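1. I'd like to go over a predicted model; first the sequence, then the structure.
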Amino acid sequence: DTEVTQTPKHLVMGMTNKKSLKCEQHMGHRAMYWYKQKAKKPPELMFVYSYEKLSINESVPSRFSPECPNSSLLNLHLHALQPEDSALYLCASSLGGVSYEQYFGPGTRLTVT
Amino acid sequence: GDSVTQMEGPVTLSEEAFLTINCTYTATGYPSLFWYVQYPGEGLQLLLKATKADDKGSNKGFEATYRKETTSFHLEKGSVQVSDSAVYFCALTPRNSGNTPLVFGKGTRLSVIA
């Protein structure tokens, strides 16, 4: 089973709201990722967790806050977002280090109003 | 730094036509190479991969061969179907690189018409 699940599928939030995106995998993968994808563009890496520790932060604004409670779960906490943050947010996981192939979830379509 | 270059799209083909999507890369060492496919409204799916020179990845009728001499990993399919309409991303990851993640090409949109 190569499934990564994400909830919610769609999210609409105002600029003053606080919300969280969730990602889960049960493949025993030890690296997990958050990507942001705008329309007609490739995914842009935001964060990488390797063995439950944040290993890469691609200079993402502090209004995005990742959390990895355990090896199967990854959260992205959202606060005071801007309309330009509207995008598809993708979670992915890979077996070990970040140089293995990644398996993606279906994404959360976020709209900031 | 490492990079991936894909042919510009969109590509429009008739059903049962032959498909080639070109992909070339620049990387130090010997990267692993991937093709991902994204259907409308969905996440990315790993389509195929190759981890060393002359490896051929294949899946669902799609094939790509890791060509070190030309630094290429072109995607091919002998007979496309309407259901193949999607965006295709070529990607690489450096091997033995520690914490260097996937590098994506810009993507090629394929439309197959009946």
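-> Thanks, I have the structure now. Numbering: from 1, shown residues only, chains lettered A, B, ... in the order given.

2. Next to chain B, which bits of chain A? Give me the list.
-> Within reach of chain B by CB under 8 Å from any CB of the partner chain, chain A has these residues: A:2, A:4, A:6, A:33, A:40-43, A:45, A:48, A:50, A:55-56, A:90, A:92, A:97-107. Heads up, the C-betas are built off the backbone N, CA and C, glycines and all.

3. Put the buried members of those residues into a ChimeraX selection.
-> Those of the residues of chain A next to chain B that count as buried under 16 or more other CB atoms under 10 Å in any protein chain shown are selected in ChimeraX with:
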select /A:4,6,33,42,43,45,48,50,55,56,90,92,97,98,99,100,101,102,103,104,105,106,107
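
4. Wait, residue A:111 touches residue A:12, no?
-> Yes - with contact defined as CB atoms under 8 Å, residue A:111 reaches residue A:12; the gap is 4.7 Å.

5. could you point out which element follows the helix or strand of chain B with the lowest mean pLDDT?
-> In chain B, the helix or strand scored least confidently by mean pLDDT, DSSP states H and E is strand B:103-104, which has a mean of 93. Sequence order places strand B:108-113 as the next helix or strand after strand B:103-104, per DSSP states H and E.

6. For residue A:73, which non-adjacent residue is closest in space?
-> residue A:24 (5.6 Å; CB to CB, 6 or more residues apart in numbering or on different chains).

7. Count the neighbours of residue B:65 for me.
-> Using other CB atoms under 10 Å in any protein chain shown, residue B:65 has 17 neighbouring residues.

8. Please name the nearest non-neighbouring residue to it.
-> residue B:56 (4.7 Å).

9. neighbouring contacts of stretch B:54-63?
-> Outside stretch B:54-63, the residues that touch it by CB atoms under 8 Å, 6 or more residues apart in numbering or on different chains are B:33, B:35, B:47-50, B:64-68, B:75-79.

10. would you put the C-alpha positions of the strand or helix carrying residue B:13 in CSV?
-> When elements are assigned from DSSP H and E, residue B:13 belongs to strand B:11-14. Output in CSV follows, covering the C-alpha atoms of strand B:11-14 (Å, rounded to 0.1, in the frame of the first residue of the first chain):
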residue,chain,number,x,y,z
VAL,B,11,0.9,18.6,-26.1
THR,B,12,-2.3,17.6,-27.9
LEU,B,13,-2.6,14.1,-29.5
SER,B,14,-5.2,11.9,-31.0
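
11. Cool, thanks, signing off.
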